[in-house]
Every structure is written in structure tokens, then in C-alpha cells.
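Q: just need the structure, nothing else, for what follows:
(4 chains)
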Number of protein chains: 2
Amino acid sequence: MADETRVRMLEAAGPIFAEKGFDATTVREICAAAEVNVASVNYHFGGKETLYLQTVKLAYRQRLQRVPPAAWPADAQPAHKLQIFVSTILNRVLGEGNIGWETRLLMREMLQPTQACQPVMEEYIRPQWDQLMGILDELLPDETTHHVRHQVAFSIVGQCLHYRFANEFVLFLIGDDWQNEAYSVGRLAQHITRFSLAAINGLSEVDLESELETQDVKPPIPAMT
Amino acid sequence: MADETRVRMLEAAGPIFAEKGFDATTVREICAAAEVNVASVNYHFGGKETLYLQTVKLAYRQRLQRVPPAAWPADAQPAHKLQIFVSTILNRVLGEGNIGWETRLLMREMLQPTQACQPVMEEYIRPQWDQLMGILDELLPDETTHHVRHQVAFSIVGQCLHYRFANEFVLFLIGDDWQNEAYSVGRLAQHITRFSLAAINGLSEVDLESELETQDVKPPIPAMT
DNA sequence: AGTGAATTCAAACAAGTGTATGAAACGCTT
DNA sequence: AAGCGTTTCATACACTTGTTTGAATTCACT
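A: Residues are numbered from 1 along each chain as shown, chains lettered A, B, ... in the order given. Next up, the predicted model:
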């Protein structure tokens, strides 16, 4: 069956593309890993590029079905919804044992989008975004401008994705402590949820006493060597 | 003068490496941009790899001197310090017009560290981290565990870096609105500072009434196609 | 102006790239 | 078992890659 080899190639290509990127990966390396002939790439996929696109597609499909969209009971409190949402994102992004090739590949796409990115954005990112905006509608005062809503949403998502994007960064700073149970997906989700809820609740009050005001910081020095 | 060509090559290599990554970049392309012969790479740098390392070094040196480390008056309030700190990070990361090649290259290094990364971590990242931890010492209750301190720090840094890491992500979601003045570096810094301060102030209180508790979310479904 | 070292250059090199080819092997229906 | 379309394979083909070479040029210094 030809389908069997096709999926074998995709599953071999995934980790390699994720680890080294499109250009640094050679079709020969993939074929060796999949134990197929070099010509298979062109026969089954028509070229390296199409193989890559299919691999990206596979990546987010697997991610999507592995960790289904966040869902909650109809009568759930907004705060509880946020908790579930954050947990879902973290699970998707950090995966099991935070070493899945799928998210590595998707992060790569996010940093430098290729042609493969549009469907990912449309089907993977956008729904989650809409979901988050829905939760914030319940949590933020009605008069909140959409700029602020967006910024709050980015603040929440940013906290989550940071652990994937800047994973090496985190590892460098805290070292082996990363293995500590305090950095389990569950605990991180708990922290981010509490942090964000506290921020949201406090935002309106801070507005009143705000002593730091529009107080701008000195612009970059126009230095020159 | 040989030095002159050397810097010309580095300045030509910077944007190209930043845009396409190490492997996708060819020495011929760099040499064409720098208007020098291909052999210059090996004559002046000994090879493509060394040229890359020097380019990364140049990137964070330039970033460092362009936006000097955060500084504040001795009697500054902790909240004000945080404001200055966040502003500094955002300025470094988003730069002027958020299109500097330097940070693009550094983000690339952060996602997939190469040999060039260690000095960057040591001299560029670590000091900022220490500075932030110092500020948090003043803002958080003394009994706060170091795990929580770290997580709060990551929450703050994560919010800042998100706008660089997931820039394409942001652009996709809000479109041209990114050009709006609401997303200027100053306004973003203001939002992140307020958000984080509100979170920090609220954290201890939330602890008491915390209804969401350690309430864990369902583990990923062991699906299979 | 002349000399010797430093720098630039055009050209070539071997190795590796993605892709194409045509024959061999396979699986299925007749 | 024969035949035929599908899939695999070894091999070759342009082409690009980083690097090397040796001659030509430039530069600083007496």
C-alpha cells in the first residue's frame, strides 16, 4: 500500500524538519529515516516543498486531536473558563514531556511563516483567539476598549507561549529546577490563571490611583561607536 | 583597510542571517550584498560559521548599546522601577519600527541556540533577569517561594517577548490595527506594567478566596486515528 | 619610486543538493 | 499463470554549496 509509506515518510520528516528547519534538512536524511528510496519524495509528494507543507499540516492536526479545544459546562464561571482555556493552551504547547516535534515545528512556522502557515492560522489559532476574547467579554468591564481587550489577551497568551518559545532561555535561567513539579503543566496553568485574574480584577482600580501615569521612559540613546 | 571590509561584511550578513537563518543563507549572497569577493569570507573570518558567530555577537552588542540597561534614581518606587524595566525590554526587543535585524537574529538564537548563544545568555540575558528579580524582591511578600518569584518573572518577560516572538501571530489577529498608536512601545509598556502590578498586588488576596483551587483540568485524550 | 606584505579577485574544486529516469519488483485482477 | 498498473529502486543529472588556489592588485613604508 502506498499510503503506508506516505505516512511513514511524514512521520520521519516531522521530527527532522522540526529540529533543523526546512533548508537544513535534506530529503536524503528523511528517506533514510523512513527507510525508503530518495525518489519517493518526488513520487509521493511531488517535491521537498510539498512534503514540508504536508508535514506542517500533520503537525497541527495531530496537536489538535491530541488536545481537543477547550470546553466547559454551560454554567461555568468565567474564571473557571479561563483556567480551562489556559490549561488547554499549555497542554497543546508543552505537550507531554515538552519535547513533541509538532509544536517545535509550529513555533518555527510562527517565527517565520511559510506558505504552510495560513491554514494553521485559520484553523488552529483563530478559533482559540475567538474563544479567549469570549471569556474576556465576561471578565472585563463593558466599557473596555477593544485595544485593551486585545492587549489583555496577548498578555495571557504571551505568558503561556513563553515557556515554549523561550524554553532554552528558561532552562538557562533556572536550570534543573525546570524538572521540579512546580513547573508541571498543571501548576504553570494555575499560576498563569491566578496571575491574569488578579491583573484583570485589579486593572480598573489601579486606573484611579495610577501615579505612574503616561510617564514615558527616556528614548534610546543615539549612540555610535 | 581590512577592518572596513570586515564590518561591511558583518553588516551585510546581519539582515540576511536574521531573515533566512544560517543554513538558508549563502556566502555568495552575503558577499554580493557587501560587494566583496566570495573568498573574503574565508580570508577574513575563516569560514561561514565564524562569520555567523561574529554576526550574532555584533547583533547583541549593538542592541545593548542602542538601548542601555535599565536605570533609575536611587529613591525610585518599585512600581516605577518595573515600569522602566518593562520599557527597556520592549525597546530592546521591538526596537525602532520593530523591524531591526538584530532582535530577529537573537530570537532565532533563542528558539534554537547555537554555539553563539552562551555569551549572549551570559552577558545579555542574565543581567536583565537579575535586575527583574531584584525588583520583584521589593514587590512580592518576603515569604514568597522562589518558584513563584520565577513564575511571576516569566509572566512579565513573557508578555514582553510575545510581541516579538509571535509578531506574525499578532499581525494576523489584529491586522493593520498593529499600526495604531495603541500598540506603540510606550503604550504596550504601560499596559504590561499595569497588568503585572495589578496581578502582583492581587495575588495574595486571591489566595484566600481561591475557589478554583488546585482544580486540575482533564488530561489530554489518548486519541488515535 | 620601489619593495614586500596584505588584500582582492576570477576561476576552479570537491562535496552535497533536489530532481529525473528507466529498469526492476510488487500486487491485483483476469 | 499472464498481464498490467503501481510502487520501489539504483543511478545519473544539473545545479548550488562552502572552500581553495594562485595570480593580480593595493597599500604602507623607506
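
Q: drop to CA atoms for contacts and neighbour counts, all remaining ones
A: OK.

Q: near DNA strand D, which residues of chain A?
A: Contact residues, chain A versus DNA strand D (C-alpha under 7 Å from any atom of the strand): A:Met1, A:Ala2, A:Asp3, A:Thr5, A:Glu35, A:Val36, A:Asn37, A:Val38, A:Ala39, A:Ser40, A:Tyr43.

Q: looking at the residues you listed, which are in helices?
A: A:Ala2, A:Asp3, A:Thr5, A:Ala39, A:Ser40 (DSSP state H).

Q: pull the most distant pair out of those.
A: Farthest pair in these (C-alpha to C-alpha) is A:Asp3 and A:Ala39. Separation: 15.7 Å.

Q: closest one of the residues of chain A next to DNA strand D to DNA strand C?
A: The nearest member of the residues of chain A next to DNA strand D to DNA strand C, counting by C-alpha to the nearest atom of the strand, is A:Ala39 at 4.1 Å.

Q: burial check on the closest one, number of neighbours?
A: 13 (other C-alpha atoms under 10 Å in any protein chain shown).

Q: same deal with A:Ala116?
A: By other C-alpha under 10 Å, the residues close to A:Ala116 number 18.

Q: ok, of the residues of chain A next to DNA strand D, which come out buried?
A: The neighbour count (16 or more other C-alpha atoms under 10 Å in any protein chain shown) marks A:Val36, A:Ser40 as buried among these.

Q: taking chain A, what residue is nearest to chain B?
A: Chain B sits closest to A:Ala199 of chain A, with a gap of 3.8 Å, by C-alpha to the nearest C-alpha.

Q: that residue is in what secondary structure piece?
A: helix A:185-209 (DSSP states H and E).

Q: could you check the angle helix B:185-209 makes with that helix?
A: Helix A:185-209 runs at 110 degrees relative to helix B:185-209, counting by axes from the mean of the first three to the mean of the last three C-alpha atoms, to 10 degrees.

Q: which strands and helices sit next to helix A:185-209?
A: Applying 3 or more C-alpha pairs under 8 Å, 6 or more residues apart in numbering or on different chains; DSSP states H and E, one finds that helix A:185-209 contacts helix A:78-94, helix A:146-165, helix B:146-165, helix B:185-209.

Q: what's the following helix or strand past the third one in contact with?
A: Yep, that's helix B:146-165 we're talking about. Next along the chain after helix B:146-165, taking DSSP H and E as the criterion, comes helix B:167-174. Residues outside helix B:167-174 that contact it (C-alpha atoms under 8 Å, 6 or more residues apart in numbering or on different chains): A:Met110, A:Leu111, A:Gln112, A:Pro113, A:Met121, A:Arg126, B:Tyr163, B:Trp178.

Q: repeat that with 7 Å
A: Applying C-alpha atoms under 7 Å, 6 or more residues apart in numbering or on different chains, the contact partners of helix B:167-174 are A:Met110, A:Leu111, B:Trp178.

Q: out of the residues you listed, who's nearest DNA strand D?
A: A:Leu111 (21.6 Å).

Q: look up phi and psi at the closest one.
A: The phi/psi pair for A:Leu111 (degrees, to the nearest 10) reads phi -70, psi -40.

Q: re earlier: and the residue of chain A closest to chain B, what does it touch?
A: Contacts of A:Ala199 (C-alpha under 7 Å, 6+ apart): B:Phe195, B:Ser196, B:Ala198, B:Ala199, B:Gly202.

Q: can you report how many residues neighbour the second one?
A: By other C-alpha under 10 Å, the residues close to B:Ser196 number 28.

Q: and it, how far is that from DNA strand C?
A: In this view, B:Ser196 and DNA strand C are 46 Å apart by C-alpha to the nearest atom of the strand, to the nearest Å.

Q: low-confidence ranges, chain A, go.
A: With pLDDT under 70 as the threshold, chain A has low-confidence stretches at A:1, A:97-98, A:205-225.

Q: recalculate using a threshold of 50.
A: By pLDDT under 50, the low-scoring segments of chain A are A:208-225.

Q: A:Phe17 in helix, strand or coil?
A: Following DSSP: H, G, I helix; E, B strand; the rest coil, we place A:Phe17 in the helix state.

Q: count of neighbours near the closest residue to it other than its chain neighbours?
A: Computed as C-alpha to C-alpha, 6 or more residues apart in numbering or on different chains, the closest residue to A:Phe17 that is not its neighbour in sequence is A:Thr25, at 6.2 Å. Look at A:Thr25: counted by other C-alpha under 10 Å, it has 17 neighbours.

Q: taking the residues of chain A next to DNA strand D, tell me the two that lie furthest apart.
A: Once C-alpha to C-alpha is applied, the residues of chain A next to DNA strand D give A:Met1 and A:Val38 as the farthest pair, at 17.9 Å.

Q: now do the domain split for chain A, please.
A: Structurally, chain A divides into domains by automatic domain parsing as follows: A:2-64, A:68-207.

Q: between the ones you listed, which one is nearest to B:Ile135?
A: Nearest of the domains of chain A (C-alpha to C-alpha): domain A:68-207, 16.7 Å.

Q: run the chain-centre distance for the closest one.
A: 8 Å (C-alpha atoms, centre = their mean, to the nearest Å).

Q: try stretch A:54-65
A: 13 Å.

Q: do it and DNA strand C meet?
A: No: looking at stretch A:54-65 against DNA strand C by C-alpha under 7 Å from any atom of the strand, there are no contacts, and the closest approach is 13.5 Å.

Q: list of residues touching that stretch?
A: With contact meaning C-alpha under 7 Å, 6+ apart, stretch A:54-65 is reached by A:Leu10, A:Ala13, A:Gly14, A:Arg92, A:Glu102, A:Ala116, B:Ala223.

Q: wait, what's in contact with the fifth one?
A: The contact partners of A:Glu102, by C-alpha under 7 Å, 6+ apart, come to A:Ala59, A:Tyr60, A:Arg63.
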